[in-house]
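Engineer: With the sequence up front, the predicted model follows.
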Amino acid sequence: MRLGGRLAAAIEILDDIDRRYRPAADALRDWGLSHRFAGSKDRAAIGNIVYDALRRKRSAGWIFQEETPRALAFGALLLQGECTPDMLNAALAEDSFAPPPLSSDEIARIADHPLDAAPDGVRAESPEWCEPLLKRTWGDDWVAEAAALSERPPLDMRTNTLRATRDQVAKALASAGALPCDLAPQGLRVPAIEGQGRHPNVQSEQAFRDGWFEVQDEGSQIVAELTDATSGMQVLDFCAGAGGKSLAMSAAMGNTGQIHAFDADRKRLAPIIDRLKRAGCRNVQAVADEAALAPFEGRLDLVVVDAPCTGAGTWRRRPDAKWRLGEKQLEQRQAEQAEILAKAARFVRPGGRLAYITCSVFAEENEDQVRAFIEANPAFRPVDHEALWERHFPGKAARAKIDRATGIALSPHRTATDGFHFAALERV
Ligand SMILES: C[S@@+](CC[C@H](N)C(=O)[O-])C[C@H]1O[C@@H](n2cnc3c(N)ncnc32)[C@H](O)[C@@H]1O
């Protein structure tokens, strides 16, 4: 396929996402199934246009003065900075599969609406209702912080130290261009893709099948590290999902002690079994029945709540979720978080720790939850988060946003990771 056919496909898929209010991954998969002739390079290029269009939706809407699928798809290519309207029209000429070229009216609108004249909310690529929330989280930095959530993400991996060293994994993935992460001690990173390329399929590598590494955002690796899970501990991962944090803690504990990996949703927990086998984790027990946790009340060294959240910190990877999110869902997540924290806290022994994690950037899901929990549960006190960060990442205090009492915030702008919030509370 030439650019014109790819652009036409992206417009069709964006229209499907918009009209049927569905996840981008589903719309892309369905398009692929009904267009089997399209090769993997075409699919990757179409996926890039669709995801870039969703990442830069407000900017494209600004330069075109409308948010149609056509404006978003053309906007994605123009905003990547690799072509001008004239270059784009030249590339589409004499391509019978291409959408109509940019009209003189469209070209005039683009010229009349440069991005540097756009309102803050547009440059932040923020849904309007989120603007006050993002301002509350980041103050004067909010536009730069939110805009960084609209960039293409890197591909991060965590070395599974139960099976290999980071050097061994780096060697095995040398052709993929994986380099050590800046902060996570076992992390490796393939930078964000450029142009119409794609990330290597690292999960097809022998090293992956042998359990040498997991695909895991550096931010997720960092918060797992901050839990301070160490050898011999008795741990409960109360929202274990497919086990991203459990696997990281298992390695940090050197396969000693015990991690009870629980999730209220059996289907979400199910993949953990194969992952544990591949990674050689022998100290993790998957628990699908909450009643089975009863004997551990008041007895565990560490309870981790990787809470269900809006996922606003992962908007680089799931830009469609940003436009589907509404105030009602935020309220629902907040209620669930408070309820789960209260439940999970019962398992912490005196002197033990409760770690609260979200991949959201909203204070409503982070600092507010921590403050409310402490107020309602005076037996819990925040650890000194500045000291905790310094112990794990000495000399790098300027990187994260740290509040001694309410926790540590990571973001694409500051830590070049997904957005995460971490808080550790000690039971006195
Ligand atoms: C952010 S995800 C967990 C991700 C996982 N820890 C990882 O690192 O891959 C949140 C999880 O919380 C689970 N969850 C939602 N409500 C819950 C509840 N009341 N009790 C326990 N888990 C719950 C969801 O099923 C979901 O898997």
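Structural biologist: Thanks, I have it. Residues are numbered from 1 along each chain as shown.

Engineer: Helix, strand or coil: sort out residue 425 for me.
Structural biologist: The assignment at residue 425 comes out as strand when based on DSSP: H, G, I helix; E, B strand; the rest coil.

Engineer: mind listing what it touches?
Structural biologist: With contact taken as Cβ atoms under 8 Å, 6 or more residues apart in numbering, residue 425 is in contact with 353, 354, 355, 356, 370, 373, 374, 380, 381, 382, 383. C-beta coordinates here come from the backbone N, C-alpha and C atoms, glycine included.

Engineer: For the strand or helix carrying the second one, the averaged confidence score.
Structural biologist: Right, the one you point to is residue 354. With the criterion set as DSSP states H and E, the secondary-structure element containing residue 354 is strand 348-358. What strand 348-358 shows for mean pLDDT is 98.

Engineer: domain ranges for the chain?
Structural biologist: For the chain, whose domains are defined here by automatic domain parsing, the residue ranges read 3-118, 155-215, 218-427.

Engineer: Can you report phi and psi for the residue minimising distance to the centre of the chain?
Structural biologist: In the chain, the C-alpha closest to the average C-alpha coordinate belongs to residue 314, at a distance of 2.9 Å (Cα atoms, centre = their mean). Note on residue 314: backbone dihedrals following degrees, to the nearest 10 are phi -110, psi 20.

Engineer: Same question for the one 3 residues further on.
Structural biologist: Here is the backbone geometry of residue 317 (degrees, to the nearest 10): phi -90, psi -30.

Engineer: wait, which of the domains of the chain is closest to the ligand?
Structural biologist: Across these, the minimum distance to the ligand, taken as Cβ to the nearest ligand atom, is reached by domain 218-427, at 2.7 Å.

Engineer: distance of the residue of the chain most remote from its centre from residue 247?
Structural biologist: With distances taken from the mean C-alpha point of the chain and given as Cα atoms, centre = their mean, the most distant residue is residue 94, at 40.2 Å. Distance, residue 94 to residue 247, by Cβ to Cβ, to the nearest Å: 52 Å.

Engineer: can you confirm residue 390 is in a helix?
Structural biologist: Yes. Secondary structure of residue 390 (three-state DSSP): part of a helix.

Engineer: Who are the contact partners of it?
Structural biologist: residue 397.

Engineer: What is the burial count for the closest residue to residue 271 other than its chain neighbours?
Structural biologist: The spatial neighbour of residue 271 that comes closest, neighbours along the chain excluded (Cβ to Cβ, 6 or more residues apart in numbering), is residue 242 at 4.4 Å. Neighbour count for residue 242, taken as other Cβ atoms under 10 Å: 17.

Engineer: For residue 242, give me phi and psi.
Structural biologist: Its backbone dihedrals place residue 242 at phi -80, psi 0, with angles given as degrees, to the nearest 10.

Engineer: ok, it - contacts?
Structural biologist: For residue 242, the contacting residues are 268, 269, 271, 272, 275, taking Cβ under 8 Å, 6+ apart as the criterion.

Engineer: out of the domains of the chain, deepest packed?
Structural biologist: A comparison of the domains of the chain by mean neighbour count, using mean count of other Cβ atoms under 10 Å, puts domain 218-427 on top with a mean of 20.

Engineer: and it with the ligand, contact?
Structural biologist: Yes. Applying Cβ under 6 Å from any ligand atom, one finds that domain 218-427 is in contact with the ligand at 238-245, 263-265, 268, 306, 308, 336, 340.

Engineer: Just the endpoints, please. Distance across that domain?
Structural biologist: Chord length of domain 218-427, first to last residue, is 28 Å (Cα to Cα, to the nearest Å).

Engineer: if we can go back for a sec, pull the most distant pair out of the residues of domain 218-427 next to the ligand.
Structural biologist: Spatial extent of those (Cβ to Cβ) is set by the pair 243 and 336 at 19.9 Å.

Engineer: Does residue 69 touch residue 14 like I think?
Structural biologist: Yes. With contact defined as Cβ atoms under 8 Å, residue 69 counts as touching residue 14 (3.7 Å).

Engineer: shared neighbours of those two, which are they?
Structural biologist: Contact criterion Cβ under 8 Å, 6+ apart; residues bridging residue 69 and residue 14 by contacting each: residue 53.

Engineer: which of the contacts of residue 425 lies closest to residue 180?
Structural biologist: Out of those, the one with the shortest distance to residue 180 is residue 355. That distance is 25.2 Å, counting by Cβ to Cβ.

Engineer: residues in contact with the closest one?
Structural biologist: Counted by Cβ under 8 Å, 6+ apart, residue 355 has contacts 223, 226, 227, 302, 303, 304, 305, 422, 423, 424, 425.

Engineer: and if you look at residue 303?
Structural biologist: By Cβ under 8 Å, 6+ apart, residue 303 lies in contact with 235, 236, 238, 344, 345, 347, 348, 352, 353, 354, 355.

Engineer: dump the residue contacts of the residue nearest to residue 181 when sequence neighbours are not counted.
Structural biologist: Taking Cβ to Cβ, 6+ apart, and ignoring the residues beside it in sequence, residue 181 has residue 187 as its nearest neighbour in space, at 3.1 Å. Shown here is residue 187, whose contacts under the criterion Cβ under 8 Å, 6+ apart are 156, 157, 158, 159, 166, 180, 181, 216, 218, 221.
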